[in-house]
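Colleague: Only the shape, not the letters, is given here:
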């Protein structure tokens, strides 16, 4: 069975509703969805999920605890991450819950597309699932433009482990990917841990913990891989990130020079912006009206009327300019 997965807790309640509604807008209630709990704060999203017969909240505690333990063992091998995290947040492990997206490799679907809660589906996923007939891991993004948010580029070991071509073409964003159940067996996990203990852990980028570990597992284990951003011809390829300011909207679907997006990723935007605007605060961010449409798809009369002057947080980049420069994700 095919399905869509995501990761959420009550902090991203508004974003989760928008994502689920965007999936329904494409598939109705025919596409099953599994939500993996970021942490134990899920009372609000659980109530929402209970109203949707095609959506389930993952509750396999053995699977959740196994992956939690695995990622702690991963970061126990890193030479500096824990000391740095303790200084920054006082926690020995950083955002352990974000790794729970890996539960999809144990989950209810034989094949799945994982989508972060800060994404919206814009098109059917046929071309994504079709690639799983040939590959075990499929992505569609432009993260390859910015290696520094996947690996520690200061590590000399990085170019010992991977070729320049691999580092230019095989890295990916962990916010959207397709894969299959059980490709990361317990044996594979032990292989990964042993390689990390042998000194390879130094290449991991500690401030994007789930992304760096997933890239490392796929690349180091030689999982068959496809990035549609490379494979699709230019006349079919589109961008996917909120950092692109040239997308146009037609019937609440985003287009890139006339080509319908597969998904839009509100990468880099704080979850509080989505909560604030859903509560009626006039917070400005790119493609905000698209988000609000899907957030209130089933209750349009409750969509806030934003009539005051828009507010822009001092830390918020104007239409993605700063984040474009930081991430290098311009497509």
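Modeller: Nice, thanks for sending it over. All of these numbers come straight from a predicted model, not from anything done at the bench.
Colleague: which one's the longest strand in the protein?
Modeller: Looking across the chain with DSSP state E, the single longest strand is strand 2-8.
Colleague: on contacts alone, who are the packing partners of that strand?
Modeller: The helices and strands touching strand 2-8, judged by 3 or more C-beta pairs under 8 Å, 6 or more residues apart in numbering; DSSP states H and E, are helix 13-27, strand 33-37, strand 111-115. Using the backbone N, CA and C atoms, a C-beta is placed for each residue, glycine as well.
Colleague: could you pull out the helices for the stretch 101-250 of the chain?
Modeller: With helices called from DSSP state H, counting those that start in this stretch, the stretch 101-250 of the chain shows them at 126-131, 158-161, 164-169, 186-197, 209-220, 228-231.
Colleague: quick one: the fourth one to helix 209-220, angle?
Modeller: When you say that, I think you mean helix 186-197. Angle, helix 186-197 to helix 209-220, by axes from the mean of the first three to the mean of the last three C-alpha atoms, to 10 degrees: 100 degrees.
Colleague: list the helices and strands helix 186-197 packs on?
Modeller: Taking 3+ C-beta pairs under 8 Å, 6+ apart as the contact cut, helix 186-197 packs with helix 61-76, helix 209-220.
Colleague: any idea of the mean pLDDT in the longest one?
Modeller: In this model, helix 61-76 has a mean pLDDT of 97.
Colleague: got it, and the shortest one?
Modeller: Within the predicted structure, the mean pLDDT of helix 209-220 is 97.
Colleague: residues in contact with residue 72?
Modeller: Contact analysis of residue 72 by C-beta atoms under 8 Å, 6 or more residues apart in numbering lists 93, 96.
Colleague: shift numbering so it begins at 55
Modeller: In the new numbering, first residue 55, that becomes residue 126.
Colleague: Return the distance of it relative to residue 60.
Modeller: Residue 126 sits 23 Å away from residue 60, going by C-beta to C-beta, to the nearest Å.
Colleague: related to what we said a few turns ago, nearest to residue 98, of the helices and strands packed on helix 240-251?
Modeller: The closest of the helices and strands packed on helix 240-251 to residue 98 is helix 115-130. By C-beta to C-beta, the value is 19.0 Å.
Colleague: how many other residues sit next to the closest residue to residue 212 other than its chain neighbours?
Modeller: Nearest non-adjacent residue to residue 212, counting by C-beta to C-beta, 6 or more residues apart in numbering: residue 257, 4.7 Å away. Residues near residue 257, counting by other C-beta atoms under 10 Å, number 25.
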